[in-house]
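Asker: here is a sequence with its predicted model. Questions after.
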Amino acid sequence: MATESKPATRRAGAFDIRMIIALLVGVYGVVLTIMGIGFTTDADLAKAADVNINLWAGIGMLVFAILFVVWAKARPLQVPTEQPESGDAPPAGE
């Protein structure tokens with residue numbers, strides 16, 4: 001009875017593009033949220049039809065970043081690991 005072995009895999013971890021996107025969007029989201037809470041003037045609100053656009057855009061970006069992190073944690077990428085074939089010699093220098 002022949003058994004089929006699955007190739008060895010490992011998680012992509014920090015190199016998953018979804019985590020990089022989440023970090024980038026999350027940083028911008030934090031900056032915009034802080035700007036919206038602490039640095040918005042009445043003149044800025046008047047320009048934006050009385051909507052604190054920095055605050056709402058920052059919150060939206062934070063939600064987006066959280067969703068990407070949840071997605072990356074719930075369905076992690078599996079990267080195949082390289083293993084020498086059973087008859088091959090290890091690479092030179094090892």
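Answerer: Thanks, I have it. Numbering: from 1, shown residues only.
Asker: helix, strand, or coil at residue 40?
Answerer: Using DSSP: H, G, I helix; E, B strand; the rest coil, the three-state assignment for residue 40 comes out as coil.
Asker: tell me the backbone dihedrals of it, please.
Answerer: Dihedral angles of residue 40 (phi, psi; degrees, to the nearest 10) stand at phi -90, psi 130.
Asker: need the contact list for it.
Answerer: Shown in contact with residue 40 (CB atoms under 8 Å, 6 or more residues apart in numbering): 52, 54-55. Yep, even glycine has a C-beta here, placed from its N, CA and C like the rest.
Asker: let's go with 10 Å and repeat that
Answerer: When contacts are counted by CB atoms under 10 Å, 6 or more residues apart in numbering, residue 40 touches 48, 52-55.
Asker: now the residue nearest to residue 52 when sequence neighbours are not counted: how far from residue 11?
Answerer: Leaving aside its chain neighbours, residue 52 sits nearest to residue 36 (5.1 Å; criterion: CB to CB, 6 or more residues apart in numbering). Per CB to CB, to the nearest Å, residue 36 is found 35 Å from residue 11.
Asker: repeat for residue 52
Answerer: In this structure, residue 52 and residue 11 are 39 Å apart, going by CB to CB.
Asker: how about residue 64?
Answerer: Separation of residue 64 from residue 11 (CB to CB): 22 Å.
Asker: more crowded one of those two?
Answerer: When neighbours are counted by other CB atoms under 10 Å, residue 64 comes out ahead of the other of residue 64 and residue 11, with 16 against 12.
Asker: that one and residue 18 touch, don't they?
Answerer: No: counting by CB atoms under 10 Å, residue 64 does not reach residue 18; the two are 11.2 Å apart.
Asker: pretty sure the residue nearest to residue 52 sits against residue 56.
Answerer: Yes: the pair residue 36 / residue 56 is scored as a contact, 7.3 Å apart, by CB under 10 Å.
Asker: so which of the two has more stuff around it?
Answerer: Using other CB under 10 Å, the more surrounded residue of residue 36 and residue 56 is residue 36, with 18 against 14.
Asker: name every strand pairing with the least confident helix or strand in the chain by mean pLDDT and say which way it goes.
Answerer: Using mean pLDDT, DSSP states H and E, strand 9-11 stands out as the lowest-scoring helix or strand of the chain, at a mean of 73. Next to strand 9-11 in the sheet, as set by DSSP bridges, lie strand 78-80 (antiparallel).
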